[in-house]
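Novice: A predicted structure for the sequence below; I have some questions about it.
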Amino acid sequence: MAIFRCNKCGYLREVANEHIGKSAKCSQCQNVAGIHETTAFIEKIIEKYFTLQKELVNLREGTSSWDQLEIQVIDSPQSEPFSLKEIDPHNTKELTNNYQYLPIIEWFDKKNIKAKVNPRELDTTGFFDEIALALGNNYEKFKEISDKIKWMQKKGYTSTNFQLADKSQKEIQEFVKFCSDLYKYSFISKYFYQKQEKIIKITLQQSPQIVNFFNGIWLEWFAFMKIINFFKEENIKFSGARCLTIDFSNDDHFELDNFFLIQNKIPVCIECKSKEFRQELEKYAKIRKRIGLEKNNFLLCVADLSDDQAQGLTSMYEITFVNEKNILQHVKELISS
């Protein structure tokens, strides 16, 4: 293991060797300090110790006996979990800093699993998180929109219409607002509402990021933001990562949609599926066992899955099924148990 030591407040902790030579922000005082190779760091400390000891002997000239200077060995503290206090989770790059997700890397390192984080996946200064929450919190209402956009993109079509004549005034207002936000944040390239005919016309975006978003990435963003918003509200410390890649010692490679280490002691893995999921159930069960998670701590969030289906599938398989409505409640129960 490597050593992080803050030169300002003296905070000390162990970190994985892969961070040697890098800098990190101190979780106690926010000062930036370096990460050192352990042997070299200890040699430097010993060198300073003997230098100070010699100086002390010189100062005590003529003194035949003096209290032996003791070195107290202190267990290296764990990396501190992250807090969103005074941070807007919807517009921040703070989550991209390695001190935020470092406890997760260390958690996997103890299991001889190499975890890698792409900081760009944790940048919330864009608008993926806002649209994902708007869609996930109202999925029954807006499923028609996201499904049609996904289908049109898959077929290579560039535009589509939504007929609103059979909807209530409130539903029309909600549809118009959501489509307007899609245009405002550039998830669609054109938007027009024909009020008299009650028809919304949109032109689709063709960029890969937007295509992937409607193809299922939205649910990953939704689950991540839903949970960290709760952490902020309750001032719960955590470490979190999206699109976390893990490599086992036999070179097996997997990507985890969302992973949290809550209060430095509760690991939670969340896989997300907005479409067909049945063919991958055995894969998820094997991953859960290989990373050493309890069944309750490995969640498969399936959009539009009924509560009864989630309960029944959970009793059948070695993973826990949730949907976009009850995922947060399950995480709350994990924390309180």
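Specialist: All right, it came through fine.
Novice: Tell me where the model's unsure across this protein.
Specialist: 1, 8, 21, 39-41, 43-79 (pLDDT under 70).
Novice: centroid residue for it?
Specialist: Ala241 (2.7 Å; C-alpha atoms, centre = their mean).
Novice: buried sites along the helix or strand harbouring that residue?
Specialist: Assessed by DSSP states H and E, Ala241 sits inside strand 238-247. For strand 238-247, a neighbour-count test (16 or more other C-beta atoms under 10 Å) marks 238-244, 246 as buried. In short, each C-beta sits where N, CA and C put it, glycine included.
Novice: The closest residue in space to Arg5 that isn't next to it in sequence: how many residues sit nearby?
Specialist: Distances taken as C-beta to C-beta, 6 or more residues apart in numbering place Leu12 nearest to Arg5, at 5.0 Å, with adjacent residues excluded. A count of nearby residues for Leu12, using other C-beta atoms under 10 Å, gives 13.
Novice: For Leu12, give its distance to Ile35.
Specialist: Leu12 is 11 Å from Ile35, where distance means C-beta to C-beta, to the nearest Å.
Novice: who touches both of these two?
Specialist: Counting by C-beta atoms under 8 Å, 6 or more residues apart in numbering, the shared contacts of Leu12 and Ile35 are 3-4.
Novice: Give the helix, strand or coil label for the residue lying closest to Cys29 once chain neighbours are set aside.
Specialist: The shortest distance from Cys29 to any non-neighbouring residue, by C-beta to C-beta, 6+ apart, is to Cys9 (4.4 Å). Three-state assignment for Cys9 (DSSP: H, G, I helix; E, B strand; the rest coil): coil.
Novice: Kindly report the same for Leu219.
Specialist: helix.
Novice: Could you double-check that it lies in contact with Glu324?
Specialist: Yes - in terms of C-beta atoms under 8 Å, Leu219 counts as a neighbour of Glu324; the distance is 7.1 Å.
Novice: more crowded one of these two?
Specialist: Leu219 (27 against 23).
Novice: Count the neighbours of the closest residue to the more buried one other than its chain neighbours for me.
Specialist: Closest residue in space to Leu219, ignoring its immediate chain neighbours: Cys272 at 4.2 Å, by C-beta to C-beta, 6+ apart. Cys272 has 24 neighbours, counted by other C-beta under 10 Å.
Novice: residues of stretch 217-232 that come out buried?
Specialist: 217-229, 231-232.
Novice: do the same with stretch 144-161
Specialist: Buried-residue list, stretch 144-161, by 16+ other C-beta under 10 Å: 145-146, 148-150, 152-153, 160.
Novice: if we can go back for a sec, who touches the strand holding Ala241?
Specialist: 79, 81-82, 95, 100-104, 108, 113-118, 121-122, 220-221, 224, 227-228, 231, 253-264, 291.
Novice: cool, and stretch 85-98?
Specialist: For stretch 85-98, contacts defined as C-beta under 8 Å, 6+ apart pick out 19, 22, 24-25, 82, 100-101, 117, 119-120, 122-125, 129-130, 225, 228-229, 232, 235, 240.
Novice: again with stretch 304-314
Specialist: Contacts for stretch 304-314 (C-beta under 8 Å, 6+ apart): 139-140, 143, 302, 320-326.
Novice: Could you give the separation of that stretch from the chain centroid?
Specialist: 24 Å (C-alpha atoms, centre = their mean, to the nearest Å).
Novice: Can you give me the first-to-last residue distance of stretch 131-148?
Specialist: Stretch 131-148 has its terminal residues 16 Å apart, counting by C-alpha to C-alpha, to the nearest Å.
Novice: So for it, what gets flagged as buried?
Specialist: Applying 16+ other C-beta under 10 Å to stretch 131-148 flags 131-136, 139, 141-142, 145-146, 148 as buried.
Novice: Including distance to Gln309 and secondary structure, could these go into CSV?
Specialist: Listed next are the buried residues of stretch 131-148 as CSV, based on distance: C-beta to C-beta, whole Å; DSSP: H, G, I helix; E, B strand; the rest coil:
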residue, distance to Gln309, secondary structure
Ile131, 26, helix
Ala132, 22, helix
Leu133, 23, helix
Ala134, 24, helix
Leu135, 20, helix
Gly136, 18, helix
Tyr139, 15, helix
Lys141, 20, helix
Phe142, 21, helix
Ile145, 23, helix
Ser146, 20, helix
Lys148, 24, helix
